[in-house]
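Novice: Predicted model, plus sequence, below.
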Amino acid sequence: MITIAAFYRFVPLSDVPDLQGTLADQLNDHGLRGTILVAPEGINGTIAGDPAAIERFFRELCTDPRFSGMEIRRSVADAVPFLRAKVKSKREIVTLGEDVDAQHGGGTRVAPEAWNALIEQPDVLLIDTRNDYEVAVGTFEGATNPGTGSFRDFPDWAQSHLAGREQTPIAMFCTGGIRCEKSTAYLRAQGFENVYQLDGGILNYLTTVDPDESRWQGECFVFDTRVSVGADLRPGSYDQCHACRHPIAAEDKADPRYVPGVSCPHCAESTSPVQKVRFAERQQQMELAEHRGEAHMGTDATETASRNRASKDARRDVPRGGR
C-alpha cells in the first residue's frame, strides 16, 4: 500500500534555492515521488511512496521550525500516482497573480463538520474556486462555478461578478485548501467582510463527513495519475486524455472523437492534423513500452533508458565472433 501526502504552508522563505536542493535530496534518499513547489511565500506539495518513508521525510522536514505542526493530508493507493520526483522554485506556490497576505489575511476557516450548516443557509454564496475542468468532475450541491481555466482568472471573475456584494456571506472551497487561502485573502483585501473557507478543502471534507450526510456530488479531480478520487479518497472512475490532459469519463471514451492518446471530445476540434500525428506516434511508443514491461515516462523510464544504453555500449565492446 502506498501513502499519498498533500501539504502546504504559507510562511516567508528567504532560502528558496537551498531549500529546493535539500528537498530534492530528501525525496531521492527516501525513494519518494511527487512534486513540491517552494517560493518566497511558502511550500506546497504532494508526494507518495512507502508509508514509513513518508513519515521519515516529514519528521526531517518538520524539524525546521517554519514547518513544525504543518497539516498533512494522507490518503492511500495501490500504486505511486507520480512518474518522478520534482522540486520546483516558483514566484508563488499557487499562482493568483495578485499580492495578497495569504498567511494572515485568509477567510474564516470552517471545519468539515460545520460546513453543511454554513452552506445550507439561504443567504450564503457558495463558490468553487477551482478550474472549470475540475468542477466538471464533481462539486458541492448549489455551488457557483466561475468557469475559470486558470486560478489567475479568479480576480477578474470576482471583479465582474461580485461587485456590490461585499456584505454577502461567501463560502469558498478548493481541493486541499491552498487556493482558498489566497482567494479569500484577495476578497478580504477588496473589502468583503464575511468570507469563509472549507478547512483542509474537499479532501478533508470527504474523509471527515459521513457519505450519507455529504453534500458533495461526483468525484474530486486530483493532479496526479489517479485523475479523480471518490468519497474514501480511493482512485475514482475518470481517466485523462493524454493529448489535452482533460479528465474523461466513460461516455467520453464512447464518443467517436475519442482516440486513445490522440484526441477526445474536449480537444478533437482544437488540435491540428500535425499534432494528432505526433500524439499518435507518442501513443504507439507508450504501448510498445507497456508491451515490453517498461516505463515510457518518469523515473523508471529514465532508469530503463540508462540500462538499455549501458547494454548497447557493452555489446559494442564485445569483439566480433566472441563473448
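Specialist: Received it, and whenever you're ready, just let me know what you need.

Novice: For the rest of this, base every contact and every neighbour count on C-alpha atoms.
Specialist: Fine.

Novice: Any idea which residue is closest to the centre of the protein?
Specialist: residue 223 (3.1 Å; Cα atoms, centre = their mean).

Novice: gap between that residue and residue 239?
Specialist: To residue 239, residue 223 is 12 Å away according to Cα to Cα, to the nearest Å.

Novice: and the residue nearest to the centre of the chain, that's in a strand?
Specialist: No: checked against DSSP: H, G, I helix; E, B strand; the rest coil, residue 223 lies outside a strand; its state is coil.

Novice: What pLDDT is listed against it?
Specialist: Residue 223 carries a pLDDT value of 92.

Novice: Tell me who's in contact with it.
Specialist: Residues in contact with residue 223 (Cα atoms under 8 Å, 6 or more residues apart in numbering): none are found.

Novice: What backbone torsions are found at it?
Specialist: Note on residue 223: its backbone torsions stand at phi -90, psi 60 [degrees, to the nearest 10].

Novice: Can you give me the distance of it to residue 175?
Specialist: The value you get for residue 223 to residue 175, if Cα to Cα is used, is 10 Å.

Novice: What of residue 269?
Specialist: 30 Å.

Novice: Neighbour count for the two, which is higher?
Specialist: Neighbours per residue, other Cα atoms under 10 Å: of residue 269 and residue 175, the larger number sits with residue 175, 22 against 10.

Novice: okay but that one is in contact with residue 199, surely?
Specialist: No: applying Cα atoms under 8 Å, one finds residue 175 not in contact with residue 199, separated by 10.3 Å.

Novice: Give the intersection of the neighbour lists for residue 223 and residue 239.
Specialist: By Cα under 8 Å, 6+ apart, no residue touches both residue 223 and residue 239.

Novice: which residues of the stretch 201-323 of the chain score low on pLDDT?
Specialist: Within the stretch 201-323 of the chain, the stretches with pLDDT under 70 are 294-323.

Novice: And the strands in the stretch 51-200 of the chain?
Specialist: Along the stretch 51-200 of the chain, counting by DSSP state E, counting those that start in this stretch, strands occupy 72-77, 85-89, 108-110, 125-128, 138-140, 170-173, 195-198.

Novice: Quick one: those strands as a markdown table, columns for distance to residue 209, mean pLDDT and mean neighbour count too.
Specialist: Shown next, in a markdown table, are the strands of the stretch 51-200 of the chain (distance: least, Cα to Cα, whole Å; pLDDT from 0 to 100; neighbours: other Cα atoms under 10 Å):
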| stretch | distance to residue 209 | mean pLDDT | mean neighbour count |
| --- | --- | --- | --- |
| strand 72-77 | 15 | 91 | 17 |
| strand 85-89 | 32 | 98 | 18 |
| strand 108-110 | 13 | 97 | 17 |
| strand 125-128 | 18 | 98 | 21 |
| strand 138-140 | 13 | 98 | 20 |
| strand 170-173 | 15 | 98 | 26 |
| strand 195-198 | 12 | 98 | 24 |
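
Novice: so which of those strands comes closest to residue 22?
Specialist: strand 85-89 (9.5 Å; Cα to Cα).

Novice: Contacts for that closest one, please.
Specialist: 16-17, 20-21, 23-24, 27-28, 32-39, 299.

Novice: Quote the end-to-end distance of stretch 105-114.
Specialist: In stretch 105-114, first residue to last residue: 21 Å (Cα to Cα).

Novice: Touching that stretch from outside, list them.
Specialist: 180-186, 188-189, 194-199, 204-205, 208-209.

Novice: just how off-centre is that stretch within its chain?
Specialist: The chain centroid and the centroid of stretch 105-114 are separated by 21 Å under Cα atoms, centre = their mean, to the nearest Å.

Novice: Now it: buried residues?
Specialist: 105, 106, 107, 108, 109, 110, 111, 112, 113 (16 or more other Cα atoms under 10 Å).

Novice: what do you get for stretch 119-138?
Specialist: 119, 124-138.

Novice: how about CSV for the buried residues of stretch 105-114, with distance to residue 265 added?
Specialist: Converted to CSV, those look like this (distance: Cα to Cα, whole Å):
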residue, distance to residue 265
105, 41
106, 38
107, 38
108, 40
109, 38
110, 38
111, 38
112, 35
113, 38
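
Novice: quick one, what contacts residue 150?
Specialist: So residue 150 contacts 130, 131 (Cα under 8 Å, 6+ apart).

Novice: what's the answer for residue 187, then?
Specialist: residue 195.

Novice: now with 10 Å?
Specialist: 100, 105-107, 155, 158-159, 162, 166, 170, 193-195 (Cα atoms under 10 Å, 6 or more residues apart in numbering).
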